[in-house]
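J.: No sequence on hand, only this structure:
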């Protein structure tokens, strides 16, 4: 486990940069991680982030298919919002563990 400073907060993360404790996450941290991932956040991005966090808190395994069927975005929109690895990038921004469905 590593510690790093993001948006002025000291957070714990794994070797791949995913937060290890969702309780440490806040919107400022998410915004800075998004900038690192070259994502400009919009209201729709934040809706996806909230959905992912809620699913994680409920212990639901997250997949691209589930996000596409969530009613928040369809799969095409998900790829447009978070290009080049949408689930990996969105999960990192959301402060949740990398989903097991991601390589």
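T.: Received it, and whenever you're ready, just let me know what you need. Every value quoted in this text rests on a predicted model; they were computed, and no experiment measured them.

J.: give the contact list for the most centrally placed residue in the chain.
T.: Geometric centre of the chain, nearest residue: residue 91, 2.4 Å, by CA atoms, centre = their mean. Contact analysis of residue 91 by CB atoms under 8 Å, 6 or more residues apart in numbering lists 18, 52, 62, 97-99, 102. All C-beta atoms are positioned from the backbone trio N, CA, C, and that covers glycine.

J.: what about it, helix or strand, and which?
T.: helix 86-94 (DSSP states H and E).

J.: Surely residue 7 is in contact with residue 27?
T.: No: in this structure, residue 7 is not within contact of residue 27 by CB atoms under 8 Å, at 9.1 Å.

J.: So which of the two has more stuff around it?
T.: residue 7 (14 against 11; other CB atoms under 10 Å).

J.: need the contact list for the closest residue to residue 68 other than its chain neighbours.
T.: Once flanking residues are discounted, residue 68 sits nearest to residue 75: 3.6 Å by CB to CB, 6 or more residues apart in numbering. Applying CB under 8 Å, 6+ apart to residue 75 gives the contacts 64-65, 67-68.

J.: Please apply the same query to residue 90.
T.: Contacts of residue 90 by CB under 8 Å, 6+ apart are 48-49, 52, 67, 78, 81-82.

J.: from these, which ones fall inside strands?
T.: Judged by DSSP state E, strands contain none of the contacts of residue 90.

J.: Quick check: which ranges of this structure have low pLDDT?
T.: 102-103 (pLDDT under 70).

J.: If we use 90, what do you get?
T.: Applying pLDDT under 90 to the chain flags the ranges 1-4, 15-17, 61, 97-103.
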